[in-house]
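In: next come a sequence and a model predicted from it.
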Amino acid sequence: MNTRKAEPNDAFVLSDIAYKSKAYWGYSDEFLEACKEELTITEEDIIKSPMYYVIEKDNQIIGFDSFKCDPNKLENLFINPEFIGQGIGKQIWQDILHRAKDFGIIEFTIDSDPYAEGFYLKMGAVRIGSIPSTVFPDRDLPLMKVEVK
């Protein structure tokens with residue numbers, strides 16, 4: 001597997017992975033449709049942020065992450081559902097921590113999907129509260145914190 005910076009022309013594939021990954025958890029079509037804009041990665045998003053990375057297997061993008069600074073926050077971590085449960089998430093996580101160290105980041109937060117909370121806890125994150133969803137303000141999401149060691 002190979003990790004590289006995302007390129008603007010990866011935007012459609014990243015959006016497709018984000019949508020399929022969210023759908024993997026059994027959300028309704030109405031829920032997914034409401035989240036579609038939030039799950040869409042644009043070429044401009046990738047151009048504006050140097051912190052989009054993809055992981056490839058056999059020259060196929062199978063997952064990606066993005067990071068936002070000020071405040072330090074993991075914005076995206078999505079894996080093509082065909083590859084969930086194969087250690088890809090752990091590899092992406094290790095890459096995220098390595099890059100965070102390189103950028104001098106000592107901690108960051110995650111507005112986690114409830115279904116992803118277990119993964120983040122397993123990776124060493126701690127839940128520090130909750131935060132309203134940007135799509136559904138009445139829905140609270142786990143707010144996680146990670147200390148980079």
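Out: Perfect, thanks for sending it. Numbers count the residues shown, from 1 in each chain.

In: and the helix or strand containing Glu75, how far out from the chain's middle?
Out: Secondary structure assigned from DSSP states H and E places Glu75 in strand 73-79. In this view, strand 73-79 has its centroid 1 Å away from the chain centroid, taken as C-alpha atoms, centre = their mean, to the nearest Å.

In: which intervals of this protein have sub-threshold pLDDT?
Out: Applying pLDDT under 70 to the chain flags no residue at all.

In: now the helices for it?
Out: Listed in chain order, the helices of the chain (DSSP state H) span 11-23, 29-39, 43-48, 88-102, 117-122.

In: which residues are contacting the second one?
Out: Around helix 29-39, the neighbours that count as contacts under C-beta atoms under 8 Å, 6 or more residues apart in numbering are Ser15, Ala18, Tyr19, Lys22, Ala23, Tyr27, Thr134, Val135, Phe136. Quick note: C-beta positions are derived from backbone N, CA and C, even for glycine.

In: could you tell me how many residues sit around the closest residue to the third one other than its chain neighbours?
Out: Same thing as Tyr19. Among residues not flanking Tyr19 along the chain, Leu39 sits closest, at 5.0 Å (C-beta to C-beta, 6 or more residues apart in numbering). For Leu39, the neighbour count with other C-beta atoms under 10 Å is 20.

In: do Arg127 as well
Out: 14.

In: quick check: it vs Ile110, distance?
Out: Distance from Arg127 to Ile110, counting by C-beta to C-beta, to the nearest Å: 10 Å.
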